[in-house]
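In: Quick one, structure for this:
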Amino acid sequence: MIDPTFAALAVLTVFQIKHVICDFFLQTANQLQNKGRYGHPDGLIHAGIHALGSLPVFLILPTAIPVAALILAFEFFVHYHIDWLKNDLTRRYGWEIKDKQYWWAMGLDQFAHQLTYLAMTLMLVLLSR
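Out: As a prediction, the model looks like this:
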């Protein structure tokens, strides 16, 4: 059996790599533009890419398919709503890159994603025993 501490660190590392790839390298201009429109396909696609990008963690901690599906659905739902909220607020209040409120929103958005990964890691470690 894999050491739980090592497994948690390995899973968090995969989540970090996945996050930078999906949130910064793979995200399209359309996704950036439309994530603040609730239910828009571009925001849903972006959240789906994140969920699919998390699949490699199940190579580190093999998990029952229903549990894995639940964790991925959790990520999809939470990631979508974090992004939607940040984009909705910045659009509603007209915050731009030059405004400190924009950067507060961006920082809180990224922080919320990191808390999501911590919660997912905890679920994986506890449920893969």
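
In: Report the buried residues of the lowest-mean-pLDDT helix or strand in the chain.
Out: Lowest on mean pLDDT, DSSP states H and E among the helices and strands of the chain sits helix 57-60, with a mean of 92. The neighbour-count check on helix 57-60 (16 or more other Cβ atoms under 10 Å) flags Val57, Phe58, Ile60 as buried. C-betas here are computed from N, CA, C, even on glycine.

In: what number of residues lie near the closest residue to Asn30 other than its chain neighbours?
Out: If the residues on either side of it in the chain are set aside, Asn30 comes closest to Asp42, at 4.8 Å by Cβ to Cβ, 6 or more residues apart in numbering. When neighbours are defined as other Cβ atoms under 10 Å, Asp42 has 17 of them.

In: quick one: contacts of the helix or strand hosting Asp42?
Out: Following DSSP states H and E, one finds Asp42 within helix 41-53. The contact list for helix 41-53 (Cβ atoms under 8 Å, 6 or more residues apart in numbering) reads 18-19, 21-23, 26-28, 30-31, 33-37, 72-73, 75-77, 79-80, 83-84, 87.

In: ok, back up a step: specify which member of the buried residues of helix 57-60 is nearest to Met120.
Out: Relative to Met120, the closest of those is Val57; by Cβ to Cβ it sits at 7.8 Å.

In: which residues does that closest one contact?
Out: Counted by Cβ under 8 Å, 6+ apart, Val57 has contacts Val11, Val14, Phe15, Met120, Leu124.

In: per-residue pLDDT, the residue positioned nearest the centre of the chain?
Out: Closest residue to the average C-alpha location of the chain: His79 at 4.5 Å, with Cα atoms, centre = their mean. In this prediction, His79 carries a pLDDT score of 98.
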